[in-house]
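Engineer: with the input below, show me the fold.
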Amino acid sequence: MTGSPSPLPESCGVAFKEWAGVCEALATGRQCLILRKGGIAEGPGGFAPEHQVFWLYPTHLHEAQQGLRDGIPRLAGNPPPAGQVDLPALAAVAEVGYLDRPEALAELADLHVWSEETVRRRFHYRRPGLWVLGVRVYRRPVPWRIEITAEHAGCKSWVPLEQSLTTEGLAPALDEAEFADRLARLRPILTPAP
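Structural biologist: Numbering: from 1, shown residues only. Predicted structure coming up:
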């Protein structure tokens, strides 16, 4: 899949779990791609980009064990109380590809906030390769705050929300020209998905 993301739906009822620091980098425009291998709950086939539009669901699960680079911009606001999570932004998939060459990891280095070791480790886990999603991110002026449910637990990428949340009032994290430039840099690095 290539090109610009489709127009945003009026609401969205699914979220994508990712490290909190990566969600911040996406919401502030520091990053516009998601690298994914797959979660335990996704079975032997690993990760599949099941949804084209989704809320970013920040998690700290495994974040300290692997790592992000320093200097990630922080979103303003107070952390949510225990048992709740803030959804800061919506992502719309504009590009899906697979990275199957280890030498291409260096070409992605300035497009994300993961440490070199984290990306290398993910790339080589089980079998070499990573899914790459180029995403256009839209930030909410005030994040949605939701209750964490049993459906959200575990090491899985996609989680259903109790209710679909409106996309009204979102603003792009990157302007059109900057987003197009980053996608143009990303496309030559990727190969079609296996």
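
Engineer: for the spatially most central residue of the chain, what are its contacts?
Structural biologist: Using Cα atoms, centre = their mean, the residue of the chain that lies closest to the mean C-alpha position is Ile34, 4.3 Å off. By Cβ atoms under 8 Å, 6 or more residues apart in numbering, Ile34 lies in contact with Phe16, Glu18, Val22, Leu26, Ala91, Trp131, Val132, Leu133, Val135. Glycine gets a C-beta too; all of them are placed from N, C-alpha and C.

Engineer: and of those, the nearest to Glu50?
Structural biologist: Nearest to Glu50 among the contacts of Ile34, counting by Cβ to Cβ, is Phe16 at 9.4 Å.

Engineer: and the pLDDT for that closest one?
Structural biologist: The model reports Phe16 with a pLDDT of 95.

Engineer: and it, what is it in contact with?
Structural biologist: By Cβ under 8 Å, 6+ apart, the contact set of Phe16 is Ile34, His51, Phe54, Trp55, Leu56, Tyr57, Ala91, Ser157, Trp158, Val159.

Engineer: the fifth one touches Glu24, doesn't it?
Structural biologist: No. Using Cβ atoms under 8 Å, Leu56 is not in contact with Glu24; the gap is 9.2 Å.

Engineer: export the contacts of Phe16 as JSON lines, with columns for secondary structure.
Structural biologist: Formatted as JSON lines, the contacts of Phe16 follow (DSSP: H, G, I helix; E, B strand; the rest coil):
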{"residue": "Ile34", "secondary structure": "strand"}
{"residue": "His51", "secondary structure": "coil"}
{"residue": "Phe54", "secondary structure": "strand"}
{"residue": "Trp55", "secondary structure": "strand"}
{"residue": "Leu56", "secondary structure": "strand"}
{"residue": "Tyr57", "secondary structure": "strand"}
{"residue": "Ala91", "secondary structure": "strand"}
{"residue": "Ser157", "secondary structure": "coil"}
{"residue": "Trp158", "secondary structure": "strand"}
{"residue": "Val159", "secondary structure": "strand"}
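
Engineer: now the buried members of these.
Structural biologist: Of all those considered here, the ones buried according to neighbour count by 16 or more other Cβ atoms under 10 Å are Ile34, His51, Phe54, Trp55, Leu56, Tyr57, Ala91, Ser157, Trp158, Val159.

Engineer: show me what the last one is bridged to.
Structural biologist: Read it as Val159. Ala15 (DSSP bridges).

Engineer: how close does it sit to Gly83?
Structural biologist: Distance, Val159 to Gly83, using Cβ to Cβ, to the nearest Å: 15 Å.

Engineer: repeat that for Leu26.
Structural biologist: In this structure, Leu26 and Gly83 are separated by 24 Å, where distance is defined by Cβ to Cβ.

Engineer: looking at the two, which is more packed in?
Structural biologist: When Leu26 and Gly83 are compared on other Cβ atoms under 10 Å, the one with more neighbours turns out to be Leu26, at 27 against 8.
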